[in-house]
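A.B. asks: structural data only, the sequence is not supplied:
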């Protein structure tokens with residue numbers, strides 16, 4: 001049975017989409033069957049992997065109940081369910097829908113057995129879409145920047161996870177926290193690392209994801225970091241993180 005993981009942080013700009021893509025690609029390189037679900041109306045994950053606005057079937061249609069999840073194959077062991085800007089209206093459209101928090105969970109159950117990992121890229125908010133993702137997941141991965149403002153709102157994330165686990169999904173736990181945009185030469189990065197480790201303790205992955213230009217360039221080509229720059233520091237970091245994820249299974 002696959003592991004379903006939400007990659008989530010209501011603060012934008014933390015590298016959530018970038019990490020979802022590259023964790024998924026790295027796990028597929030290591031022999032895992034991976035599905036990425038783009039649950040963000042901005043569709044940045046989809047665009048970053050070369051999937052434009054002309055997709056016939058997106059997560060929006062599934063959320064509305066028009067059709068089941070319809071993954072698009074990107075690589076041998078990597079599939080994506082793309083998003084669309086239309087998804088931004090889903091929360092209003094589903095306001096009167098019974099069991100609206102369970103829609104994504106029910107859709108995933110139909111294809112869950114086809115994958116080892118299902119990673120969900122969530123919006124930078126705590127609305128109905130993010131709640132759907134957390135209800136469908138066993139774990140949440142939280143990316144945090146090595147910046148001072150990253151510490152603001154950390155308590156809110158844990159509070160939301162606690163409420164979801166008590167009321168809607170008893171299986172949900174914080175599966176891991178990882179630090180993005182890290183620069184070990186900066187005192188601030190090291191101080192933030194210490195603070196994050198003190199708060200989340202053993203939930204923090206040992207791998208630090210360094211900030212490199214290759215991570216910004218890869219989406220322009222519609223590629224993950226392993227295809228764009230396989231010998232880069234970023235590829236090294238993400239492969240290390242993926243190995244760490246597998247070691248915790």
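C.D. replies: Arrived safely, thanks for sending. All values reported here derive from a predicted model rather than from experimental measurement.
A.B. asks: return the set of buried residues in the top strand by length along the chain.
C.D. replies: Identified as the longest strand of the chain according to DSSP state E is strand 173-182. For strand 173-182, a neighbour-count test (16 or more other C-beta atoms under 10 Å) marks 174-182 as buried. Using the backbone N, CA and C atoms, a C-beta is placed for each residue, glycine as well.
A.B. asks: and the contacts of that strand?
C.D. replies: The contact list for strand 173-182 (C-beta atoms under 8 Å, 6 or more residues apart in numbering) reads 5, 14-15, 18-19, 138-147, 158, 161, 165, 189, 192-193, 196, 200, 203-205, 207-211, 241, 245, 248.
A.B. asks: just the buried ones from those?
C.D. replies: 5, 14-15, 18-19, 138-147, 161, 165, 189, 192-193, 196, 200, 203-205, 207-211, 241, 245.
A.B. asks: for residue 144, which residues are in contact?
C.D. replies: Per C-beta under 8 Å, 6+ apart, neighbours of residue 144: 9, 14, 150-151, 154, 177-180, 192, 196.
A.B. asks: which residue is nearest the centroid of the protein?
C.D. replies: residue 7 (2.9 Å; C-alpha atoms, centre = their mean).
A.B. asks: and it, what's its pLDDT?
C.D. replies: At residue 7, the pLDDT value in this model is 97.
A.B. asks: distance of it from residue 127?
C.D. replies: 16 Å (C-beta to C-beta, to the nearest Å).
A.B. asks: can you check residue 64 too?
C.D. replies: 16 Å.
A.B. asks: show me what contacts the residue of the chain most remote from its centre?
C.D. replies: Largest separation from the mean C-alpha position in the chain: residue 187, at 28.1 Å (C-alpha atoms, centre = their mean). By C-beta under 8 Å, 6+ apart, the contact set of residue 187 is empty.
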